[in-house]
Each structure stands twice: as C-alpha cells, then as structure tokens.
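>>> what follows is a predicted structure for the sequence shown.
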Amino acid sequence: MDARRAKNGDSLTARAFRVLHERLLYNAITPGEMIDDAALARELGMSRTPIRESLLALEQRGLVRIVPRVGHFATEITPADVVEAYEVRLLLEPAIAAFAAQRITPDEVTRLRGVVGFGPDEINPAVYSRAVALNREFHVGIALASGNRRLSELYANLMDNLTRIVHYELSHGFTSGAWRDEHLTILAAIESHDEAEASRIVRGTILDTHVMMRKGVWLRFRDVVERDQEAFQRSRSALERRDSALPALQLDSHPAQPGR
C-alpha cells in the first residue's frame with residue numbers, strides 16, 4: 001500500500017510538473033504572473049501538495065519565484081535575461097554545431113529536417129507556440145547529435161529559459177518566428193560535415209545585427225560583431241594578396257569556375 005501510494009504521489013507530481021513546465025515555457029502563464037496553486041489543484045483533480053512540490057522544482061530551474069507568505073510567481077523576463085541568453089548562445093551553439101557536424105547520423109538529419117519550422121508565409125499568431133516548440137526541438141536535436149551527453153543535457157536545461165524568452169520575443173514582435181530557411185541552412189552545413197561552416201553560420205544567426213537592434217542589445221554586442229567583420233575582412237584581404245602574388249600563367253591555366 002505504501003509503495004502504491006508513493007508511486008501515485010510521484011505520478012501526480014510528475015503530471016503537475018509537466019503541466020506547469022509547459023505553461024511557463026510557452027507563456028500560458030505569463031512572466032510575473034501569480035500562480036494560483038489551489039486553482040491548479042482543482043483543475044488537475046489533485047491536492048496542493050504535488051503542485052507545490054512541482055513549483056519548488058521549477059524554482060530551482062529559474063522558472064518560478066517564491067515569495068514567502070505571498071505566493072508563487074512566474075519569473076519575469078528582463079533586458080538582462082535577453083543579454084545573458086545571447087552570451088550563453090554565443091558560448092555553446094557554435095561549438096554544438098561543430099560537434100554535430102562531426103557526428104550526426106542520417107537518421108538524425110531526417111528527424112531535424114522534420115522540425116525546421118515555418119516559413120514566412122506560414123507564420124501567424126495561431127502557430128506561435130508550435131513555432132517555438134519546433135525551434136526548441138530543432139536546437140536540442142542538434143545538441144543531441146553532438147554526441148556529447150553532458151553538453152546536450154546542459155543545453156536542454158538552458159533551453160527552458162531560452163524558450164520562454166523566444167516566445168516572449170515572438171509575441172512582442174522582436175523576432176519573426178519564420179525560422180525554416182535559417183534552420184535548413186544550418187542543417188545543410190551540419191549534414192555536409194563542415195564543422196567550420198556550421199559553426200560560422202550559427203554564430204552569424206546569433207549576431208544578426210538587425211534582429212539584435214530590434215531587441216535593444218545591439219550596443220552590448222556591437223564590438224563582437226565588428227570584430228567578426230574585421231576578421232573576415234582581414235582574411236579576405238590576405239587571400240586577395242596571395243592570389244595577386246601567383247604567376248599570371250597559373251591563374252590563366254586554371255580559370256575560375258562559375259558558382260565556385
């Protein structure tokens with residue numbers, strides 16, 4: 001009996017956690033909103049104990065703020081949260097993409113191609129939550145394809161807060177949600193096992209200056225973007241100097257091919 005009761009209690013807590021987790025990630029419970037544990041207990045047909053256990057677990061993940069003698073609240077999303085999200089993405093995502101390019105399997109490519117999301121003509125408020133869910137699945141899928149269990153677990157946990165931010169950005173017009181083409185470009189580089197190109201493309205999408213300006217974090221990352229642009233210019237200039245130093249006969253005997 002005790003074992004059955006314990007098992008039932010665990011399943012109720014797990015169910016409460018899943019419901020709260022999903023509502024927090026996709027802003028069904030909006031940032032800063034008070035969470036009515038009694039109402040949720042009635043809705044789910046359980047006592048308040050599993051609800052409160054779930055809220056404690058979600059507090060540890062940074063999704064819930066508990067104010068003693070007041071109540072439970074969804075954590076707010078601040079400008080600092082967005083900046084920190086960029087910092088985390090810049091650290092992790094290019095490396096994850098490079099590892100995935102080394103190790104991805106054909107089955108993983110197929111699964112990722114199925115979750116690339118919506119195009120510009122398909123996105124609308126009715127599919128925002130689905131678009132964000134697919135975005136999460138795509139990026140976590142790349143992390144899994146990296147073949148590094150610790151890295152993929154770390155990234156999946158971080159995606160909880162990133163997903164809340166992405167959904168907030170989408171609902172407030174800071175991002176389009178039409179990520180299909182961007183995701184297909186990333187996937188093509190990973191599928192071709194081009195580590196450097198996969199890393200470069202991912203880094204470029206994070207540092208997209210137009211999107212960053214709309215989100216108000218451009219000034220913080222302007223120096224990073226400008227350093228990337230300067231490095232690219234130096235690399236291109238070096239290649240041009242090298243090509244100009246080659247003998248004319250060699251250049252003439254190997255004309256450039258269209259599209260190369």
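Yep, it's here.

>>> low-confidence ranges, this structure, go.
Scanning the chain for pLDDT under 70 picks out 1-10, 209-210, 213, 218, 225, 228-229, 232, 235-236, 239-240, 242-260.

>>> could I get the full set of helices for it?
2-25, 37-44, 48-60, 79-103, 106-113, 128-145, 149-171, 180-191, 195-206, 209-215, 218-245, 248-253 (DSSP state H).

>>> now for these, which one comes closest to P31?
Closest approach to P31 among the helices of the chain (C-beta to C-beta): helix 149-171, 6.7 Å. To be clear about C-beta, it is placed using only N, CA and C from the backbone, and glycine gets the same treatment.

>>> and the chain, what are its domains?
Domains of the chain are assigned by automatic domain parsing as 9-74, 79-225.

>>> just send those domains back as JSON lines, with distance to R241 too.
Listed next are these as JSON lines, based on distance: least, C-beta to C-beta, whole Å:
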{"stretch": "domain 9-74", "distance to R241": "50"}
{"stretch": "domain 79-225", "distance to R241": "22"}
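
>>> gap between the two ends of stretch 166-176?
Separation of the first and last residues of stretch 166-176 by C-alpha to C-alpha, to the nearest Å is 10 Å.

>>> what lies in contact with that stretch?
Stretch 166-176 is contacted from outside by 25-27, 31, 77, 82, 120, 123, 125, 128-129, 131-132, 135-136, 177, 211, 214-215, using C-beta atoms under 8 Å, 6 or more residues apart in numbering.

>>> what's the burial count for H167?
Counted by other C-beta atoms under 10 Å, the residues lying close to H167 total 27.

>>> distance check, it against R130.
Distance, H167 to R130, using C-beta to C-beta, to the nearest Å: 11 Å.

>>> same thing with D36?
Counting by C-beta to C-beta, the gap from D36 to R130 is 26 Å.

>>> just the buried subset of the contacts of stretch 166-176, please.
25-27, 31, 77, 82, 123, 128-129, 131-132, 135-136, 177, 211, 215 (16 or more other C-beta atoms under 10 Å).

>>> identify, from the residues you listed, the entry nearest to E226.
Checking those against E226 by C-beta to C-beta gives V211 as the nearest, at 16.5 Å.

>>> for the nearest residue to the closest one once chain neighbours are set aside, phi and psi?
Excluding its sequence neighbours, the residue lying closest to V211 (C-beta to C-beta, 6 or more residues apart in numbering) is T175, at 6.3 Å. Taking degrees, to the nearest 10, you get phi -150, psi 160 for the backbone angles of T175.

>>> next, count neighbours for T175.
Using other C-beta under 10 Å, T175 has 21 other residues around it.

>>> what residues of stretch 220-233 count as buried?
221, 224.

>>> also stretch 143-160?
By neighbour count on 16+ other C-beta under 10 Å, the buried set for stretch 143-160 is 143-146, 148, 151-152, 155, 158-160.
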